[in-house]
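**Q** let me see the structure of the following:
(chains A and B)
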There are 2 protein chains.
Amino acid sequence: MMPTTPHVVIIGAGFGGLHAAQQLMDKAVKVTLIDKRNYHLFQPLLYQVATAGISPHEIAYPVRAIFQKYRNFSFLMSRVTSVDFKRKTILTEQGEVTYDYLIIAAGASVNFFGNASLEQNALPLKDVSDAVQVRNHVLRMFELAAQERDANQRQSILTFVAVGGGPTGVETAGALSELIRLVLKKDYRQINVDSVRVILLEAAPKILAGFPESLQDAARKSLGNKKVEVRLEAKVAGYDGEKLRLDNGEIIPSRTVLWSAGVQAASLMGKLGLEQVHSGRVKVLPTLQLPEQPNVYVIGDAAYREENGKALPMVAPVATQQGKLAAQNILAETQKKPLKPFKYKNLGMMSTIGRNAAVAYSFGMQFRGFPAWVVWLIVHLIGLIGFRNRLIVLINWTWDYFFYDRAVRLITRE
Amino acid sequence: MMPTTPHVVIIGAGFGGLHAAQQLMDKAVKVTLIDKRNYHLFQPLLYQVATAGISPHEIAYPVRAIFQKYRNFSFLMSRVTSVDFKRKTILTEQGEVTYDYLIIAAGASVNFFGNASLEQNALPLKDVSDAVQVRNHVLRMFELAAQERDANQRQSILTFVAVGGGPTGVETAGALSELIRLVLKKDYRQINVDSVRVILLEAAPKILAGFPESLQDAARKSLGNKKVEVRLEAKVAGYDGEKLRLDNGEIIPSRTVLWSAGVQAASLMGKLGLEQVHSGRVKVLPTLQLPEQPNVYVIGDAAYREENGKALPMVAPVATQQGKLAAQNILAETQKKPLKPFKYKNLGMMSTIGRNAAVAYSFGMQFRGFPAWVVWLIVHLIGLIGFRNRLIVLINWTWDYFFYDRAVRLITRE
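**A** Here you go, the predicted model:
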């Protein structure tokens, strides 16, 4: 009897799922990738969509287009509602899918830490629709400010708060301040941009946790140069859409609060009957298998692993490397070869603050200012999928750099 | 006493309003342009957004950016609810605006001719959100078809009907058929694209009314080559979202009906207490003034004028030329000079069917096939605002032409 080709199902088309699938193309397995969206999103540039620099389709690439030429690949656009490990079956809104091997790469969602007022009124930045909503909202604030006669109201409309001093918060605050002070300034001449406030709030005593202290300081100084007010040890207590309240009782009147202060494993992880540890993540073996389900792998933001006593961060490089290893381990299993344990190769960290300004840290070396910014540009351009996207983003960046312009200043939703 | 600078208000940032405003820049008037959107839309390429070829921001340009450098220009993003001619006041959702001269360039909206079933279930193509909805819907149909086991259901999912044989319907049907047969074919290999039907319905005995008969025939043949089924004298009676009913009782099972069969003057025109003639348009004097309100001009799709016993068509060139004349007449009034009557300079008509195929008619000369298509490309590229948009659209067109690709195959709304 011929052995049937094993069916590998991957949940999630983020960095982890995508790289897992790529390892399995043209191999002796059938692959089905399931995602609720029909595209892979290059999340590191999402803040540029939010700040009117690029268009969503330049960082979102259709999954079917990526794997077009492979015969052993199928795609299912659907939301996964649960997994029945006993029946080796995935339950989706489009029906059931059975698997021989499963890779759960469900990613993460925004974490408001149970604060309902923030969940309702603060703007997250995790998906294309979030980014378009932020862009529309910011531009709408300027349209409102242009008509507002009351000085207090106007100040509240023109106060933009970003919460969370990680790379996303830093990049968003920097890009937003430049959008306002270099571009919108020309569109709204009746508004005095010096009165516009962009505030970055961080609960800890330092921004960019995990970076060397000298780079944290450099980033903070750069943000100051871009006229972003950085406030450390500032803990947000609540936000009603008009007044942001800190836990020390201070009130910041603002119509815009951008939330980049936390993520948690995707909600699917809570529906699988598995033990969840920090931020809803699920513990996996060194081989990335579930302890009780050796044919199920969990990777990326959804998985929890420690190395040297510290949890692996919820970042793209971890997901990418785990995706590759999970796929390789599945191929090893089908060939009765030994599985390999995961070992994170940390290539470094970087964060941009705006034009000519970034901080980067790699293999003990530190970069800042213009050189770090150039490295950042190149790394992110290479990360994009598709030559056309790279070319068009490059044109947009070059144009914006020389003409102090931003391409996508459209208010598209009502 | 110094005379105060006259205030000219323009309602609508379409072709008419935009060209009127351009005539008034740096002249001895204050100009306020009001639109419910913050951008000017290059409508002739909207069908390419609907068929995943280009991104909305490439054909939508922020109004403030266009007039950035002019000191006598203001923009108000708001919906106009009415006009009080006696008080020379415009009522908007953002408050009142008074004027000395008014240009109403409110444009047109889709006309379903009172058919509620069509209004509810057919997809119009008049605005950016319409186009994005069509794109999402078409791609979603393919995702559905990829999972559908029932052959009849699948055929209904894969039957796409465009209603209206004017340029918009012809261009949409041609581009949709090419999207499916050249691009999606590669994304959805399990779907047999030969079973996909794209049908163009026209109530009259000919498509492209107003074109010379030989070009009508050429366009029809071209559509046939692109595998679009053209059906003439086919009148739509109703559509419930699953079954399209013709007035002869025939039923076409289809999940997608695109409606480009009629437009009417914007709904604002019904709120002004003015007599409306055909399609809700308002009669104007040869100078484009309202008969009873000499300081109010109506132009473009909202205005009704006859020349040689025939109504001027609701097309961009008429709006553009009227916008210029209305502005020039206002300037003449302020200088106590005589006003000029409107005379339409018809530069010709054109419609594209797809790659290498178009029909064009200008000054008695007819073009078809590849030469007409090249002319069409150049004219539309020049029509776009902004060098960057032109460059990026050119890159996209070139890429799609050589690689049979479309850039924006994203399903972005839920």
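
**Q** quick check: residues of the stretch 301-414 of chain A near chain B?
**A** Within the stretch 301-414 of chain A, the positions near chain B by C-beta under 8 Å from any C-beta of the partner chain are A:388, A:391-392, A:395-396, A:399, A:405, A:407-413. Any C-beta I mention is one placed from the backbone N, CA and C, and that applies to glycine too.

**Q** swap in 7 Å and give it another go.
**A** Taking C-beta under 7 Å from any C-beta of the partner chain as the contact definition, the stretch 301-414 of chain A meets chain B at A:388, A:391-392, A:395, A:399, A:407-412.

**Q** ChimeraX command for the buried members of those residues?
**A** Burial among those is assessed by 16 or more other C-beta atoms under 10 Å in any protein chain shown; the matching ChimeraX selection reads:
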select /A:388,391,392,399,407,408,409,410,411,412
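
**Q** which of the residues of the stretch 301-414 of chain A next to chain B fall within helices?
**A** Among those, DSSP state H puts A:388, A:391-392, A:395, A:399 in helices.

**Q** in CSV: those, plus pLDDT and distance to residue A:120.
**A** Converted to CSV, these look like this (pLDDT from 0 to 100; distance: C-beta to C-beta, whole Å):
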residue, pLDDT, distance to residue A:120
A:388, 87, 39
A:391, 90, 40
A:392, 88, 36
A:395, 90, 39
A:399, 87, 37
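
**Q** which of these sits closest to residue A:196?
**A** Among those, residue A:399 lies closest to residue A:196 (C-beta to C-beta), at 23.6 Å.

**Q** quick check on the most centrally placed residue in chain A: phi, psi?
**A** Compute the mean C-alpha point of chain A, and by C-alpha atoms, centre = their mean the closest residue is residue A:43, 4.2 Å away. Phi and psi for residue A:43, reported as degrees, to the nearest 10, are phi -60, psi -30.

**Q** so what's residue A:356 up against?
**A** The contact partners of residue A:356, by C-beta atoms under 7 Å, 6 or more residues apart in numbering or on different chains, come to A:369-370, A:373.

**Q** which pLDDT value belongs to it?
**A** We note a pLDDT of 91 for residue A:356 in this prediction.

**Q** out of everything not next to it in sequence, what's closest to residue A:303?
**A** Nearest residue to residue A:303 in three dimensions, chain neighbours excluded: residue A:284, at 4.9 Å (C-beta to C-beta, 6 or more residues apart in numbering or on different chains).

**Q** before we move on, back to that, who wins for neighbours among the contacts of residue A:356?
**A** residue A:373 (22 neighbours; other C-beta atoms under 10 Å in any protein chain shown).

**Q** if I look at that one, how far off is chain B?
**A** According to C-beta to the nearest C-beta, to the nearest Å, residue A:373 stands 22 Å off from chain B.

**Q** which ones are touching the residue lying closest to that residue once chain neighbours are set aside?
**A** Spatial nearest neighbour of residue A:373, chain neighbours left out: residue A:358 (4.1 Å); criterion: C-beta to C-beta, 6+ apart. For residue A:358, the contact set (C-beta under 7 Å, 6+ apart) comprises A:350-352, A:372-373, A:376.

**Q** repeat for residue A:137
**A** By C-beta under 7 Å, 6+ apart, the residues touching residue A:137 are A:123, A:256.

**Q** and residue A:243, bridged to which residues?
**A** Listed by DSSP bridges, the beta-bridge partners for residue A:243 are residue A:253.

**Q** the residue of the stretch 151-300 of chain A found nearest chain B: neighbouring residues, count only.
**A** Residue nearest to chain B within the stretch 151-300 of chain A: residue A:187 (4.0 Å; C-beta to the nearest C-beta). If you count neighbours by other C-beta under 10 Å, residue A:187 ends up with 21.

**Q** secondary structure class for the closest residue to it other than its chain neighbours?
**A** In this structure, residue A:187 finds its nearest non-sequential neighbour in residue B:64, 4.0 Å apart by C-beta to C-beta, 6+ apart. Using DSSP: H, G, I helix; E, B strand; the rest coil, the structure places residue B:64 in helix.

**Q** distance check, residue B:64 against residue A:189.
**A** Distance of residue B:64 to residue A:189, given as C-beta to C-beta, to the nearest Å: 9 Å.

**Q** pick out whichever of those two has more residues nearby.
**A** residue B:64 (24 against 15).

**Q** for the residue nearest to residue A:303, the count of nearby residues, please.
**A** Neighbour count of residue A:284, defined by other C-beta under 10 Å: 23.

**Q** now swap in residue A:403 and tell me
**A** Here the count is done by other C-beta under 10 Å, and residue A:403 has 12 residues near it.

**Q** the strand or helix carrying residue A:379 - contacts with which helices or strands?
**A** Here residue A:379 sits within helix A:369-383, counting by DSSP states H and E. Under the contact definition 3 or more C-beta pairs under 7 Å, 6 or more residues apart in numbering or on different chains; DSSP states H and E, helix A:369-383 sits against strand A:349-354, strand A:357-362, helix A:387-403.

**Q** most tightly packed of these?
**A** Greatest average neighbour count among the helices and strands packed on helix A:369-383 goes to strand A:349-354 (a mean of 24), per mean count of other C-beta atoms under 10 Å in any protein chain shown.

**Q** that strand to strand A:357-362, inter-axis angle?
**A** Strand A:349-354 and strand A:357-362 are oriented at 170 degrees to each other (axes from the mean of the first three to the mean of the last three C-alpha atoms, to 10 degrees).

**Q** isn't residue A:177 right up against residue A:227?
**A** Yes - with contact defined as C-beta atoms under 7 Å, residue A:177 reaches residue A:227; the gap is 5.4 Å.

**Q** of the contacts of residue A:358, which is the nearest to residue A:199?
**A** Nearest to residue A:199 among these is residue A:351, at 17.9 Å by C-beta to C-beta.

**Q** model confidence for residue A:1, exactly?
**A** Value for residue A:1, per-residue pLDDT: 49.

**Q** pull up the residues of the stretch 51-200 of chain A that are close to chain B.
**A** Contacts of the stretch 51-200 of chain A with chain B, taken as C-beta under 7 Å from any C-beta, map to A:55-57, A:60, A:62, A:64-65, A:68, A:77, A:94, A:128, A:139, A:143, A:147, A:186-187.

**Q** just flag the most distant two among the residues you listed.
**A** Among those, the pair separated by the greatest distance (C-beta to C-beta) is A:68 and A:147, which sit 49.0 Å apart.

**Q** neighbours of the residue nearest to residue A:104 when sequence neighbours are not counted, how many?
**A** Leaving aside its sequence neighbours, residue A:104 sits nearest to residue A:298 (C-beta to C-beta, 6+ apart; 4.6 Å). Residues lying near residue A:298 (other C-beta under 10 Å) number 30.

**Q** which residues touch residue A:298?
**A** By C-beta under 7 Å, 6+ apart, the contact list for residue A:298 reads A:104, A:282, A:284, A:288, A:290.

**Q** cool, residue A:166 as well?
**A** Counting by C-beta under 7 Å, 6+ apart, residue A:166 touches A:208-209, A:260.

**Q** switch the residues you listed over to JSON lines; also include distance to residue A:26 and pLDDT.
**A** What follows is these, written out as JSON lines (distance: C-beta to C-beta, whole Å; pLDDT from 0 to 100):
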{"residue": "A:208", "distance to residue A:26": "41", "pLDDT": "96"}
{"residue": "A:209", "distance to residue A:26": "41", "pLDDT": "91"}
{"residue": "A:260", "distance to residue A:26": "39", "pLDDT": "96"}
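
**Q** could I get those residues in a markdown table, plus columns for neighbour count, distance to residue A:111 and secondary structure?
**A** Putting the contacts of residue A:166 into a markdown table (neighbours: other C-beta atoms under 10 Å in any protein chain shown; distance: C-beta to C-beta, whole Å; DSSP: H, G, I helix; E, B strand; the rest coil) gives the following:
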| residue | neighbour count | distance to residue A:111 | secondary structure |
| --- | --- | --- | --- |
| A:208 | 25 | 19 | coil |
| A:209 | 13 | 15 | coil |
| A:260 | 25 | 10 | coil |
